[in-house]
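> structure for this input, please:
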Amino acid sequence: MSERWFEDYVPGAVHELGSVEVDEAELLEFARRFDPQPIHTDPERAARSPFGGIIASGWHTGSLMMRLYALNYLSPASSLASPGLDELRWPRPVRAGDVLTVRVTVEDARASASKPDRGVVRSLIEVVNQRGEPVMTSRAVNMIARRPSR
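Numbers count the residues shown, from 1 in each chain. As a prediction, the model looks like this:
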């Protein structure tokens, strides 16, 4: 990832962040540790659920997205923090073997009125599966440092 500063987050810009395959062992391990619901951990009970089998925890999907987001969208030189996410949705289930691709669109970038060394970037995050179907959407808010004056 190249250095990216607040000024480089241009509203309307679309960033393709790459893809990741959902690994079955990781899916189960994550669910057992952090979201131990039968639809995520118990093949027999999950088979009888409306999903017809094991599905990933939405939080696991979010974690897979976050890795690509941190490595390929946020710059270690300028990313300061995030006050949160808005409109987090998981419209379709994710299963082992799915290949998830992350796309981010800069929706808004505003300089901070109270802290002139930074700005606030609002981005639409879309995670789609190998069929192009959305499996997660969210709007992120990030505080990003402005480019240092030279």
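> for the chain, what spans make up the helices?
Using DSSP state H, the helices found in the chain span residues 24-34, 38-41, 43-47, 58-72.
> just the residues contacting stretch 121-133, thanks.
Stretch 121-133 has contacts (Cβ atoms under 8 Å, 6 or more residues apart in numbering) with 6, 9, 61, 64-65, 69, 73, 92, 94, 98-109, 134-144. Glycine gets a C-beta too; all of them are placed from N, C-alpha and C.
> tell me which of the residues you listed fall in strands.
Among the contacts of stretch 121-133, the members falling in strands (DSSP state E) are 99-109, 134-144.
> so what's the residue nearest to the spatial centre of the chain up against?
Taking Cα atoms, centre = their mean as the criterion, residue 65 is the residue nearest the geometric centre of the chain, at 3.4 Å. Contacts for residue 65 (Cβ under 8 Å, 6+ apart) come out as 100, 102, 125, 127, 136.
> circling back to that earlier point, of the ones in strands among the contacts of stretch 121-133, select the buried ones using a PyMOL command.
Selection of buried members from the ones in strands among the contacts of stretch 121-133 for PyMOL, criterion 16 or more other Cβ atoms under 10 Å:
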select buried, resi 100+101+102+103+104+106+109+135+136+138+139+140+142+143+144
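> pretty sure residue 20 sits against residue 64.
Yes - using Cβ atoms under 8 Å, residue 20 is in contact with residue 64, at 5.2 Å.
> residues in contact with the nearest residue to residue 102 once chain neighbours are set aside?
Leaving aside its sequence neighbours, residue 102 sits nearest to residue 17 (Cβ to Cβ, 6 or more residues apart in numbering; 4.1 Å). By Cβ under 8 Å, 6+ apart, residue 17 lies in contact with 68, 69, 71, 72, 73, 101, 102, 103, 104.
> now swap in residue 89 and tell me
Residues in contact with residue 89 (Cβ under 8 Å, 6+ apart) are 136, 137, 138.
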